[in-house]
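[1] Below are the sequence and a predicted model for it; my questions follow.
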Amino acid sequence: MDFWSVLEYAAWGISVVLVGWMLVDARFVSTTYGEDFLLSSREGEE
Amino acid sequence: MTTATEAGKPEKIALLKVLGPVHVWALGVGIVLVGEYMGWNFSVAKGGAYGALIACWVIGLLYTCVAMIDSEVTSTVAAAGGQYTQAKHIIGPLMAFNVGLYLVMAYTMLEAADALVVGDLLKAVAAQYGAELDPRPFVVLTIAFLAWLNYRGVFMTLTVNFVITAFAVIAILVLFFSTAGVGGGESLLRHSELLTDLPYGWIGVLASLQFGMWYYLGIEGTCQAAEEVRSAGRSIPLGTMGGMITLLVAASLTWYMCTGLIPWEYLGQATTPLYDAARLTGSVQLEVTLFIGTMFAAIASANGCINDASRAWFSMARDRYMPQWFGAVHPRYRTPYRSILFLIPIAVSFAFTGLLDQVITFSILSGLLGYTFMSFNIVRFRRLWPLGSIERGYVHPYHPLPAIVLGLLCSATYFATYLGYGTSLLSIMAFYILASLWFVVRRYPYVKRGEQFTMPWPRPKGY
């Protein structure tokens, strides 16, 4: 396997890790906090 | 679990107000600057070198009007969603839905195109070493990494954008000072030999207007940061107008250098004209600097696009123009995390089509529809809430002249687009008409009509 092939696999691997991390975190947030709280942002309010 | 305050009421969450004028500048210029590194030069193929310069300045005028109008309205309607929120307050729900959709489509498609550029640049590097590289994993990595950055917080996202955008701007200045003979050195530019008359006459100049938009496309994205800046009345006008000045200078320098180094017949077809200009100087340092500049410009653009598309989608969801689930804010990072996540597969899908020119044409046309909206939006805004009736952070001068000029230049650019991409123009119009029908018939019943109008303004004049 040459250098460029390793680079391609590394790019796929890092992408999967990053997207996976976001999905796991989003799932964690959804189970830890209530929807009313997560959706409580209102336009024009501090 | 719902976090509760001492009073027993549910605690509220909001996007974080941490940005300043520098971040607004980085967002606007970051999205646009890739157009200086590539794309603008297709206007040379349509109208010749002088035609491209006319397009650069005429479209520069269009965007100056956009920046002036946008600064006034956004400094008053300071909310994420930008033009979508403006349309909701000033025109009505159907216009707001369409403008929101223009924003999401324009930025997501531009993001996909930027990621494609990063992949193609790496493929070109590998080819120089005799290797064949699959660009797809790098396209996905670009989108995934920038989405992750956006997910983790707006301050770091736009600070990174500031650093890489500033590098890309400085790279253009370095190339200019190295080639133009400023400061005593010999000029490498050969305008007297390379510049010609208009090869296709004035119709060619008109056709070149479409590609002149590349110099500035996306500067209006600054107003998506309105809900996250510490002072919208100060930061948005300062960042937007500062960004517009940067782009006008960068665009003029880019044209000056490239037309002095590359014959117009070649320049009109080049993929990376600034990088090619650096290669023609024979300097390895300049070549490396402009390669990094090209790469950074594409990454900064994709980064800003993720920021803006997610804010527009988030704002529409918050008003239930889209499913409310997307209107969630991350309790720790204070970002619209579900919108950011949702748009990742959409951007990857656009990128994997590989149709770079079609994707960008769709993006440009969505932007152009948005600018057309701005021209009559400001007229209605001034009529319903005249000066003095509400507090404005910035008042643009010479009203209604900028609105009239903007409307006329948008019409000319539609005609220019029709000359080159008539089918795309008609397709996109059909798409937005069908989307509008879906909104009216299926989605509007879910919209919280009474809660949409959030600005503490008096009753509009005449109502």
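    Looks like it arrived, so ask away. Numbers count the residues shown, from 1 in each chain, chains lettered A, B, ... in the order given.
[2] Now stretch B:17-33: buried residues?
    B:18-33 (16 or more other CB atoms under 10 Å in any protein chain shown). (Glycine included, C-beta is placed from N, CA and C.)
[3] where does chain A have low pLDDT?
    Under the criterion pLDDT under 70, the flagged ranges of chain A are A:45-46.
[4] which residues touch stretch B:449-458?
    Applying CB atoms under 8 Å, 6 or more residues apart in numbering or on different chains, the contact partners of stretch B:449-458 are A:42-45, B:76-77, B:79, B:88-89, B:93, B:319, B:385, B:389-390.
[5] next one: stretch B:234-241
    With CB under 8 Å, 6+ apart, stretch B:234-241 has contacts from B:19-25, B:27-28, B:67-68, B:70-72, B:74-75, B:78, B:219, B:222-223, B:225-226, B:229, B:393-394.
[6] ok, and which of the residues you listed reach chain A?
    B:Ala78 (CB under 8 Å from any CB of the partner chain).
[7] Looking at the contacts of stretch B:234-241, which are in helices?
    The members of these that map onto helices under DSSP state H are B:21-25, B:27-28, B:67-68, B:70-72, B:74-75.
[8] Please look at B:Ser366 and B:Leu110 and confirm they touch.
    No: when contacts are counted by CB atoms under 8 Å, B:Ser366 is not listed as touching B:Leu110 (9.2 Å).
[9] Listing request: residues of the stretch 351-463 of chain B with sub-threshold pLDDT.
    Low-confidence segments of the stretch 351-463 of chain B (pLDDT under 70): none present.
[10] The residue of it found nearest chain A and B:Leu401, how far apart?
    Scanning the stretch 351-463 of chain B for the residue nearest chain A gives B:Thr454, at 3.9 Å (criterion: CB to the nearest CB). Noted for B:Thr454: a distance of 31 Å to B:Leu401, by CB to CB, to the nearest Å.
[11] Show me which of these two is the more surrounded one.
    Using other CB atoms under 10 Å in any protein chain shown as the criterion, B:Thr454 and B:Leu401 rank with B:Thr454 on top: 17 against 12.
[12] Is that one in a helix, a strand, or coil?
    coil (DSSP: H, G, I helix; E, B strand; the rest coil).
[13] more crowded one of B:Ser366 and B:Leu110?
    B:Leu110 (32 against 24).
[14] Relative to the whole chain's centre, how far out is the helix or strand that contains B:Leu286?
    In this assignment (DSSP states H and E), B:Leu286 forms part of helix B:284-318. How far helix B:284-318 lies from its chain's middle: 9 Å, per CA atoms, centre = their mean, to the nearest Å.
[15] And stretch B:87-104, by the same measure?
    17 Å.
[16] for the stretch 1-150 of chain B, what spans make up the helices?
    Ranges of helices in the stretch 1-150 of chain B, per DSSP state H, counting those that start in this stretch, are B:21-32, B:34-37, B:42-76, B:83-90, B:93-128, B:136-152.
[17] can you list these in a markdown table and add mean pLDDT?
    Shown next, in a markdown table, are these (pLDDT from 0 to 100):
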| stretch | mean pLDDT |
| --- | --- |
| helix B:21-32 | 96 |
| helix B:34-37 | 94 |
| helix B:42-76 | 92 |
| helix B:83-90 | 91 |
| helix B:93-128 | 92 |
| helix B:136-152 | 97 |
